[in-house]
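Visitor: Predicted model and sequence below, questions to follow.
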Amino acid sequence: MSSIWLVSIIFVGISMLVSMQLKGKFARYSKVGLASGLTGRQVAEKMLHENGIYDVSVNASNGFLTDHYNPMNKTVNLSPDVYNGTSVAAAAVAAHECGHAVQHATSYRWLMLRSRMVPMVQYSSMLV
């Protein structure tokens, strides 16, 4: 077996383990209600506004844990369970994605590097 296949299999395996762990944690903490009763959308908007960011919109998107910040069109896209959820998990995911928007607004250099790498990673993942 060539080394490229071995490395690919290792990375796919690690990716699957991380994905399973993330889904498990999300399921566990989705059962814990947020004391404030805020939805993920409300948490996201509150965090953005408290950081002086008013040009980023918070949208609902399809899928399960497909949440992401898009710096190209300045949108925080939250899956239905996060957008409408009032759990600790929903708030944590919404705040995490808004963290990327805050990084973008403050020109955080590691986010800029990540943003430049996204197209390459997306293309390379189609090859594997």
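Guide: Received it, and whenever you're ready, just let me know what you need.

Visitor: hey, let's count contacts and neighbours off CA atoms from now on
Guide: OK.

Visitor: ok now do residue 69, which residues does it touch?
Guide: For residue 69, the contacting residues are 75, 76, 77, 97, 98, 100, 101, by C-alpha atoms under 8 Å, 6 or more residues apart in numbering.

Visitor: Look up phi and psi at the first one.
Guide: Here is the backbone geometry of residue 75 (degrees, to the nearest 10): phi -130, psi 140.

Visitor: oh, and call the first residue 15 from now on, that's how I've got it
Guide: Yes, from this point I'll number from 15; that puts the last item at residue 89.

Visitor: what's near enough to touch it?
Guide: 70, 71, 72, 73, 83.

Visitor: quick revisit: okay, and which of the contacts of residue 83 map to helices?
Guide: Counted as lying in helices by DSSP state H, out of the contacts of residue 83, are 111, 112, 114, 115.

Visitor: Please go through the chain and pick out the longest helix.
Guide: helix 17-43.

Visitor: Run the chain-centre distance for that helix.
Guide: Relative to the centre of its chain, helix 17-43 is centred 16 Å away, using C-alpha atoms, centre = their mean, to the nearest Å.

Visitor: ok, now stretch 51-61?
Guide: Remark: stretch 51-61 is offset 15 Å from the chain centroid, using C-alpha atoms, centre = their mean.

Visitor: ok, residues contacting it?
Guide: Contact with stretch 51-61 is made by 72-73, 92, 96-101, 104-105, 107-109, 112, as judged by C-alpha under 8 Å, 6+ apart.

Visitor: related to what we said a few turns ago, what are the buried residues along the longest helix of the chain?
Guide: The neighbour-count check on helix 17-43 (16 or more other C-alpha atoms under 10 Å) flags residue 40 as buried.

Visitor: Give me the buried stretch members for the helix or strand following it, please.
Guide: Later in the chain than helix 17-43, the nearest helix or strand by DSSP states H and E is helix 54-64. Buried residues in helix 54-64, counted by 16+ other C-alpha under 10 Å: 54, 55, 56, 57, 58, 59, 60, 61, 62.
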